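Visitor: what follows is a protein structure lacking sequence information:
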Ligand code: ADP
Ligand code: ADP
């Protein structure tokens, strides 16, 4: 379970502090596929980036599977981050590395032995349907294949949580659905909690079980997707 309590974050701008998140509290059940929807500038990206401390909140706390992530620093934070995978709109792959090397990278950083890395990378590439692309470079892949590499890299350390920052926004509708189906399969098979942000209602309705609506840095609605859409 993820528990976010009274999270606030302001950015310093030339015209003073801009409040991007204001007292955000949310509870996300273990194993859920949780969608956070809002217009551009609502604070979605800031919120999801606080979950792995790519962004530092000013106040409030975040607890993930019993660990208060906002209390951690240094080595403890690095270890906790290995349990939080993230995928991005622009995929964020290393262009000079092959598919294999991109996916192996987090395991190499974590110091795993080579034989284990080889086995784990093969297993995870098979899971995302890229078993035959080990030696391809990102420039040789389609958008959907690139995101599959991103997903494999995010999962390779066996995280408890997968964060998705508009992961399908750069993809055409058909590819979007194939990636959403993959995320749903992974959620089921690996019993992984998925938290995604999107500005597209379709994406949310397609795979999310629970959701929150964010407006101007505040959560204005939260609950099961089917309930919120049946009782507008
Ligand atoms: P979303 O992901 O919903 O589009 P963001 O979290 O990216 O929203 O941004 C929320 C608000 O904070 C926006 O008004 C944005 O302009 C502002 N913002 C985001 N990052 C910064 C930054 N580094 N410095 C100043 N303002 C920022
Ligand atoms: P290094 O800088 O140590 O060569 P690499 O990331 O290139 O690091 O490779 C790490 C290990 O993974 C090396 O032993 C390499 O031979 C192996 N490796 C790289 N690509 C593949 C692949 N497609 N299949 C199996 N092993 C691979």
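Guide: Yep, it's here. Since this is a predicted model, take the numbers as computed values, not measurements. Ligands and ions are numbered 1, 2, ... in the order given.

Visitor: give the contact list for residue 155.
Guide: For residue 155, the contact set (Cβ atoms under 8 Å, 6 or more residues apart in numbering) comprises 85, 124, 127, 128, 162, 186, 190, 192. C-beta: built from backbone N, CA, C; applies to glycine.

Visitor: cool, and residue 40?
Guide: Going by Cβ under 8 Å, 6+ apart, the list of residues near residue 40 reads residue 199.

Visitor: confidence score at it?
Guide: Listed pLDDT for residue 40 reads 95.

Visitor: out of the contacts of residue 155, who's the most crowded?
Guide: Within the contacts of residue 155, most neighbours by other Cβ atoms under 10 Å means residue 85, with 26 neighbours.

Visitor: quick check: that one vs residue 212, distance?
Guide: Taking Cβ to Cβ, to the nearest Å as the measure, residue 85 falls 20 Å from residue 212.

Visitor: what of residue 114?
Guide: 42 Å.

Visitor: once you drop chain neighbours, what's closest to residue 172?
Guide: residue 143 (7.7 Å; Cβ to Cβ, 6 or more residues apart in numbering).

Visitor: give me the neighbour count for the one you found.
Guide: 15.

Visitor: ok, now which ones touch it?
Guide: 91, 170, 171, 172, 175.

Visitor: which of the residues you listed are buried?
Guide: Applying 16 or more other Cβ atoms under 10 Å to the contacts of residue 143, the neighbour count classes 91, 170, 171, 175 as buried.

Visitor: I appreciate the help and will end here.
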